[in-house]
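Visitor: sequence unknown, structure follows:
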C-alpha cells in the first residue's frame with residue numbers, strides 16, 4: 001500500500017522504490033512465517049494431524065521462487081500504474097492548457113468587441129452641413 005501510494009503521488013526515486021520493494025518482501029516473508037506457525041499449531045491440535053513437510057524437501061525453494069515472481073508481478077503492476085497516472089496527468093495538463101487557450105480567446109474576442117463599440121461611439125460624426133462646399137463645378141461623368 002505504501003508503494004502504490006508513493007507511485008500514485010508521483011514518486012520515481014529508484015532507491016526509494018527498491019527500499020519499498022525490500023520492505024514488501026520482508027512483510028510477505030513474515031506473514032508466511034506467522035501463517036505457517038498458526039497452521040503448525042492447528043495441525044498439532046487435531047488428532048489426525050498430517051506431519052508438516054520438512055524444510056529440506058524443496059518446497060522452501062519453490063516458495064521463494066513463487067514469492068520472487070509475485071514481487072516482480074507487483075513491481076510491474078506498480079510500474080504500469082505509474083505509467084497510467086503519468087499519462088492521465090499529461091492528458092489533464094493538455095486539456096487544462098486547451099481550456100486556458102479557449103478562455104484567453106474568448107477574453108480577447110470580448111475585448112475586441114468592446115473596442116469596436118468604443119470606437120463607434122467616439123468616432124466624430126460630421127453632419128452634411130459641416131462639410132465644405134465644392135470649389136468647382138462637378139466633374140462630367
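Guide: Yes, it's here. This one's a predicted model, so the numbers in the text were calculated from it and none came from an experiment.

Visitor: Contacts only, for the most centrally placed residue in the chain.
Guide: In the chain, the residue lying closest to the centroid (CA atoms, centre = their mean) is residue 85, at 2.9 Å. Contacts of residue 85 were listed using CB atoms under 8 Å, 6 or more residues apart in numbering, and they are 7, 8, 10. Just so you know, the C-beta spots here come from the backbone N, C-alpha and C atoms, and that holds for glycine as well.

Visitor: Could you rerun that using 6 Å?
Guide: Neighbouring residues of residue 85 by CB atoms under 6 Å, 6 or more residues apart in numbering: residue 8.

Visitor: In terms of secondary structure, what does the helix or strand of the chain with the lowest mean pLDDT contact?
Guide: Within the chain, confidence by mean pLDDT, DSSP states H and E is lowest for helix 14-45 among all helices and strands, at a mean of 75. Packing contacts for helix 14-45, counted by 3 or more CB pairs under 6 Å, 6 or more residues apart in numbering; DSSP states H and E, involve no helix or strand.

Visitor: Tell me how far the helix or strand following it lies from the chain's centre.
Guide: Downstream of helix 14-45, the first helix or strand assigned by DSSP states H and E is helix 59-122. The chain centre lies 6 Å from the centre of helix 59-122; the measure is CA atoms, centre = their mean, to the nearest Å.

Visitor: give me the number of residues near residue 86?
Guide: Around residue 86 there are 13 other residues, counting by other CB atoms under 10 Å.

Visitor: Quick check: it vs residue 115, distance?
Guide: In this structure, residue 86 and residue 115 are 43 Å apart, going by CB to CB, to the nearest Å.

Visitor: just to revisit the earlier point, give the buried residues for the least confident helix or strand of the chain.
Guide: 17, 20, 21, 24 (16 or more other CB atoms under 10 Å).

Visitor: Is residue 136 part of a helix or strand, or is it coil?
Guide: What DSSP: H, G, I helix; E, B strand; the rest coil gives for residue 136 is coil.

Visitor: What is the burial count for it?
Guide: 5.
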